[in-house]
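> sequence plus predicted model, see below.
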Amino acid sequence: MKVTKICCIGAGYVGGPTMAVIAKKNPNIKVTIVDINQARIDAWNDSDVSKLPIYEPGLADIVEETRGKNLFFSTEIDKAIDESEMIFISVNTPTKTYGKGKGMAADLKYVELCARNIAEVAKTDKIVVEKSTLPVRTAQAIKSILDNTGSDVNFEILSNPEFLAEGTAIQDLLNPDRVLIGGESEDAIESLASIYGSWVSQAQILRTNVWSSELSKLTANAFLAQRISSINAISELCEKTEANVNEVAKAIGMDSRIGSKFLKSSVGFGGSCFQKDILNLVYIARSYNLQAVADYWEQVIILNDHQKRRFADNLISTLYNTVSGKKIGFLGWAFKKDTNDTRESAAIYVADHLLNEQANIAVYDPKVSNEKMQSDLNYLNTRAEDENSKLMHATESPYDALKDAHAVAIMTEWDEFKTYDWKRIYTEMKKPAFIFDGRNILNKSEMEKIGFEYSSIGQ
Ligand SMILES: NC(=O)C1=CN([C@@H]2O[C@H](COP(=O)(O)OP(=O)(O)OC[C@H]3O[C@@H](n4cnc5c(N)ncnc54)[C@H](O)[C@@H]3O)[C@@H](O)[C@H]2O)C=CC1
Ligand SMILES: O=C(O)[C@H]1O[C@H](OP(=O)(O)OP(=O)(O)OC[C@H]2O[C@@H](n3ccc(=O)[nH]c3=O)[C@H](O)[C@@H]2O)[C@H](O)[C@@H](O)[C@@H]1O
């Protein structure tokens, strides 16, 4: 089928950038991104592209180039479904917070709502593409909903998981390692492959069955996160043995069988997906009674929680076993650099732990507002909201966050942190002035020369 109109349900971190790139590379296809969130759609339509709801390097330029030509943002979901031949489902699939599978399984209610919406509205044949990350065998449920409408509309379901990482989404989309399409109908698979074919070589477009495609996405995230937990486990051992985790990572990464990527030790991985997807994998394994498999992958999460906790504990014990009433300056709140996304950021959990010890925290992040930080903390429900806002606040400048602080905690690896006037920061902090570098971005000997007590991960 030659596709001329596409719609994407879900204008989030995946739907927005992915469809913007598809629109840019396929000027003859009309791409409409729809969402139930009016404020989000309004922000996508803002004439000032610096106000787009998502900060992602290179995204604003592509939106400016394509919006209003062949890329549209709207809340008219039914209309977009009706007129499109291909519909991507790119809604959120968070960890369930209630009922069976609470805290482990993926909450598929938004995906199911989309399927029901499509089933209700569609009058012509559609290709429905799972873009969201879904438990293996979800396509079966979607198919069952779509095939029970009583109409004779034909639905083909494809799985096309997204592998972009935030902060590099546009580059990842423009130069993907591979595009994965799982499906049954060759015609449907080739319709989608031809859209990617506008800029991705056919050799990089992998065709599989639906279940392999669904499971590959969870597996990819589990393997990536496992590397981080593996190197973080070694970081703790380095700290006891005077080995240096950066040196170990370099030494093992040069083995081409291991490879050098995703071996950066840190305060712990965050982001909306690693934890959620591994918990989901663990849940699926348990639901098939595969205890050993479930326990194996669960350890990746256990180690990550341990890494965040031990960073906070180390800060407290170094500050003479108390942070009560002490100002701690945080550099960074986002879960990684070059994004305004804070979901599951290690900073949230470290802050929460320090606030339990009655610390005062001032945070500077170049892209995250005070409002967002407060809502992240409030979401944990550890203490009253007014207490959170009394104990923690964001500052306009990094120097305000660090003035009179007992310690700096570097939570995100924003490049600009390396360029600060660290001599000035040292002068303005309480002494001894401690740095806890959760991202290993500063130079230990330079910081010690200035006078700081510097500690980092795995060194
Ligand atoms: N964030 C990331 O980097 C990546 C995310 N993924 C997966 O992609 C999916 C989406 O993730 P994000 O874009 O980060 O989520 P998001 O939360 O940023 O965006 C999802 C959007 O879907 C909308 N939505 C929910 N239900 C809807 C409905 N019934 N009708 C219309 N709109 C609806 C929400 O209002 C929201 O704007 C998830 O399954 C995630 O696991 C996959 C790869 C990368
Ligand atoms: O499914 C998803 O959502 C996406 O999840 C990750 O992307 P993302 O979470 O955006 O960002 P990553 O670069 O993977 O970083 C995740 C976390 O791991 C941390 N990290 C990463 C790499 C590393 O070596 N060390 C490390 O601590 C980062 O700081 C961050 O907190 C995957 O990299 C993407 O391929 C995938 O599509």
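Thanks, I have it. Numbers count the residues shown, from 1 in each chain. Ligands and ions are numbered 1, 2, ... in the order given.

> okay, now N378: neighbour count?
Using other Cβ atoms under 10 Å, N378 has 15 other residues around it. All C-beta spots, glycine's among them, are computed from the backbone N, C-alpha and C.

> so how far is the helix or strand containing it off the chain centroid?
For N378, the element it lies in under DSSP states H and E is helix 370-380. Relative to the centre of its chain, helix 370-380 is centred 17 Å away, using Cα atoms, centre = their mean, to the nearest Å.

> for the longest helix seen in the chain, what is the distance to the chain centroid?
As assigned by DSSP state H, the longest helix anywhere in the chain is helix 210-241. When distances are taken as Cα atoms, centre = their mean, helix 210-241 is centred 15 Å away from the chain's centroid.

> cool, stretch 302-316 as well?
With Cα atoms, centre = their mean, you get 20 Å for stretch 302-316.

> pull out the buried positions in it.
Under the neighbour-count criterion of 16 or more other Cβ atoms under 10 Å, stretch 302-316 has 303-304, 306-308, 310-312, 315-316 buried.

> for the residues you listed, work out which two are farthest apart.
Distances among those were taken as Cβ to Cβ; the most separated pair is L303 and I316, at 20.4 Å.

> packing partners of whichever helix or strand comes after the longest helix of the chain?
Later in the chain than helix 210-241, the nearest helix or strand by DSSP H and E is helix 245-253. Applying 3 or more Cβ pairs under 8 Å, 6 or more residues apart in numbering; DSSP states H and E, one finds that helix 245-253 contacts helix 210-241.

> right, and V179 touches R207 too?
No - the criterion here is Cβ atoms under 8 Å, and V179 misses it with R207 at 9.7 Å.

> residue ranges of the strands in the stretch 1-150 of the chain, please?
For the stretch 1-150 of the chain, the strands defined by DSSP state E, counting those that start in this stretch cover 5-9, 30-34, 71-74, 86-89, 126-130.

> out of those, which is the most enclosed?
Of all the strands of the stretch 1-150 of the chain, strand 86-89 carries the top mean neighbour count, a mean of 26, counting by mean count of other Cβ atoms under 10 Å.

> so what secondary structure elements neighbour it?
Here strand 86-89 touches strand 5-9, helix 15-25, helix 109-121, strand 126-130, helix 186-196, going by 3+ Cβ pairs under 8 Å, 6+ apart.

> between strand 126-130 and the longest one, find me the angle.
To tie it back to what came earlier, the one meant is helix 109-121. Helix 109-121 and strand 126-130 are oriented at 180 degrees to each other (axes from the mean of the first three to the mean of the last three Cα atoms, to 10 degrees).

> and helix 109-121 with ligand 1, contact?
Yes - counting by Cβ under 6 Å from any ligand atom, ligand 1 is contacted by helix 109-121 at 110, 113-114.

> now E357: phi and psi?
phi -100, psi 10 (degrees, to the nearest 10).

> about what we covered before: and the helices and strands packed on strand 86-89: which comes nearest S213?
With distances scored as Cβ to Cβ, the stretch of the helices and strands packed on strand 86-89 nearest to S213 is strand 126-130 (8.3 Å).

> mind listing what that closest one pairs with, with the direction of each?
Next to strand 126-130 in the sheet, as set by DSSP bridges, lie strand 86-89 (parallel), strand 155-159 (parallel).

> residue contacts, the nearest residue to L146 once chain neighbours are set aside?
Closest residue to L146 apart from its sequence neighbours, by Cβ to Cβ, 6 or more residues apart in numbering: F155 at 4.2 Å. By Cβ atoms under 8 Å, 6 or more residues apart in numbering, the contact set of F155 is 118, 122, 125-128, 143, 146-147.

> spell out which parts of this structure neighbour ligand 1.
By Cβ under 6 Å from any ligand atom, the residues of the chain that approach ligand 1 are 9-15, 35-37, 40, 77, 90-93, 110, 113-114, 132-133, 162, 164, 166, 272-273.

> only whichever of those residues are buried, select them in ChimeraX.
Buried subset of the residues of the chain next to ligand 1, written as a ChimeraX selection, criterion 16+ other Cβ under 10 Å:
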select :9,10,11,12,13,14,15,35,40,77,90,91,92,93,110,114,132,133,162,164,166,272,273
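
> any figure for the gap between the residue most central in space within the chain and N160?
Centroid-nearest residue in the chain, with Cα atoms, centre = their mean: G271, separated by 3.5 Å. Note on G271: its distance to N160, by Cβ to Cβ, to the nearest Å, is 21 Å.

> what's the answer for D295, then?
Distance, D295 to N160, using Cβ to Cβ: 31 Å.

> and if you look at P17?
Taken as Cβ to Cβ, the span from P17 to N160 is 15 Å.

> also A115?
Applying Cβ to Cβ to A115 and N160 gives a distance of 16 Å.

> any idea how far apart the tips of stretch 375-392 sit?
End-to-end distance of stretch 375-392 (Cα to Cα, to the nearest Å): 12 Å.
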